[in-house]
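**Q** coordinates only, sequence not included:
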């Protein structure tokens, strides 16, 4: 099950209190203060990992509490530091304070760690308060309390290329043909109910990641269809491919389809309207007289938009598209 949102509650450990004790040994009846400092409380740490791909585990375990620090001991012994708690999340997870919406972490690289709730500080023991005028202080510090807060976690997939299109535009078939991804494919709307990532080889030692985003409909930016649930997953992509069905059995006007897709993305996030893109006419093996393909091809040519006609069924045009994507991504990376 693909879960891309979770709300959890975290609490870091309290700092241990400072110790209050005096040296009591044979032949030393009036020893000085020897209370040690309290240990620091454990922190709650979020760590990004490639070993997990969804936030599913956090749906079932919602409370995380780190260990408190131990109090200071006799003989100036420092209290034990509380153990940290580490929450493992997928790469691409954004963490916010659930009440203030403050951004606490954006975990975009594997093994990246961020403290989301810092442990309390241990208090000073009475040995710290001895002076020339007060050689037997009974003063010590309490440890400071830990932090307690609710967190909203949201997963935004990290991909180089995002596939955008209406339901049944051929996104799932394209990503399964170009990569090893195996999304469910069938001839009915919203076959893809969760995003899929596919790794596309771009040479012997290199590759890029392509994301198959579930089909959009007009009004998606307002939450219609699968709406906001999946639009967020293309916010991190570096390049967009707008997929337009040019086959005989498609009913939507291809030019209007492209306009609607671009408007939906811009309405959801204005930066997506400025994102580099190309237009892909899909299912050309079933294009009939080619009128739909001709309409969108002319529209793109007149506006200097890059257009690729492809067929995932026969493989026609896929090598040209892959070569273009490799070159374009390298240009974007070098810019």
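**A** Perfect, thanks for sending it. Computed from a predicted model, the values in this text were never measured in an experiment.

**Q** Break the chain down into its domains, please.
**A** What automatic domain parsing lists as the domains of the chain is 5-155, 161-334.

**Q** Pick out the shakiest of these, pLDDT-wise.
**A** Sorting the domains of the chain by mean pLDDT places domain 161-334 lowest, at a mean of 81.

**Q** Next, count neighbours for residue 253.
**A** 14 (other CB atoms under 10 Å). No exception for glycine: its C-beta is placed from N, CA and C like everyone else's.

**Q** Please name every helix or strand in contact with the strand or helix carrying residue 59.
**A** Secondary structure from DSSP states H and E places residue 59 in helix 56-60. Applying 3 or more CB pairs under 8 Å, 6 or more residues apart in numbering; DSSP states H and E, we find helix 56-60 packed against strand 5-11, strand 85-90.

**Q** Is it possible to get JSON lines of those strands that adds distance to residue 18?
**A** Shown next, in JSON lines, are these (distance: least, CB to CB, whole Å):
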{"stretch": "strand 5-11", "distance to residue 18": "22"}
{"stretch": "strand 85-90", "distance to residue 18": "24"}
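
**Q** Show me the one of these that comes nearest residue 271.
**A** Taking CB to CB, strand 5-11 is the member of these nearest to residue 271, at 21.5 Å.

**Q** Go through that closest one and flag the buried ones.
**A** Using 16 or more other CB atoms under 10 Å as the burial criterion, the residues of strand 5-11 that qualify are 6, 8, 10-11.

**Q** for stretch 270-290, same thing?
**A** Residues 272, 275, 277-284, 287 are the ones in stretch 270-290 that count as buried (16+ other CB under 10 Å).

**Q** Straight-line length of it, end to end?
**A** For stretch 270-290, the first and last residues are 34 Å from each other (CA to CA, to the nearest Å).

**Q** Confirm for me that residue 126 is in contact with residue 138.
**A** Yes: if you go by CB atoms under 8 Å, residue 126 and residue 138 touch, sitting 6.2 Å apart.

**Q** And those two? Which one has more around it.
**A** Between residue 126 and residue 138, counting by other CB under 10 Å, residue 126 is the more crowded of the two (23 against 12).

**Q** how near is that one to residue 71?
**A** 12 Å (CB to CB, to the nearest Å).

**Q** shared neighbours of the two, anything?
**A** Residues touching both residue 126 and residue 71 (CB atoms under 8 Å, 6 or more residues apart in numbering) are 18-19.

**Q** Was I right to think residue 81 contacts residue 69?
**A** Yes: Residue 81 is in contact with residue 69 according to CB under 8 Å; the separation is 5.7 Å.

**Q** Now list whatever residues contact both of these two.
**A** 39-42, 122.

**Q** Can you flag the buried ones in those residues?
**A** Buried subset of these (neighbour count, 16+ other CB under 10 Å): 39-42, 122.

**Q** now the helices: where do they sit in this structure?
**A** Assigned by DSSP state H, the helices in the chain fall at 56-60, 171-178, 228-231, 254-268, 291-302, 318-334.

**Q** winner for burial among these?
**A** Comparing the helices of the chain by mean neighbour count (mean count of other CB atoms under 10 Å), helix 171-178 ranks first with a mean of 22.

**Q** How about the contacts made by the closest residue to residue 178 other than its chain neighbours?
**A** Distances taken as CB to CB, 6 or more residues apart in numbering place residue 200 nearest to residue 178, at 4.8 Å, with adjacent residues excluded. Contact partners of residue 200, counting by CB under 8 Å, 6+ apart, are 161, 178-179, 207-210, 322, 325.

**Q** Relative to residue 105, which of the residues you listed is nearest.
**A** Proximity of the contacts of residue 200 to residue 105, judged by CB to CB, is greatest for residue 209, which lies at 21.7 Å.

**Q** Give me the distance between the closest one and residue 94.
**A** 18 Å.

**Q** And for residue 145?
**A** According to CB to CB, residue 145 and residue 94 sit 27 Å apart.

**Q** quick one: contacts for the nearest residue to residue 66 once chain neighbours are set aside?
**A** Among residues not flanking residue 66 along the chain, residue 42 sits closest, at 3.3 Å (CB to CB, 6+ apart). Listed by CB under 8 Å, 6+ apart, the contact partners of residue 42 are 12-13, 66-69, 81-85, 119.
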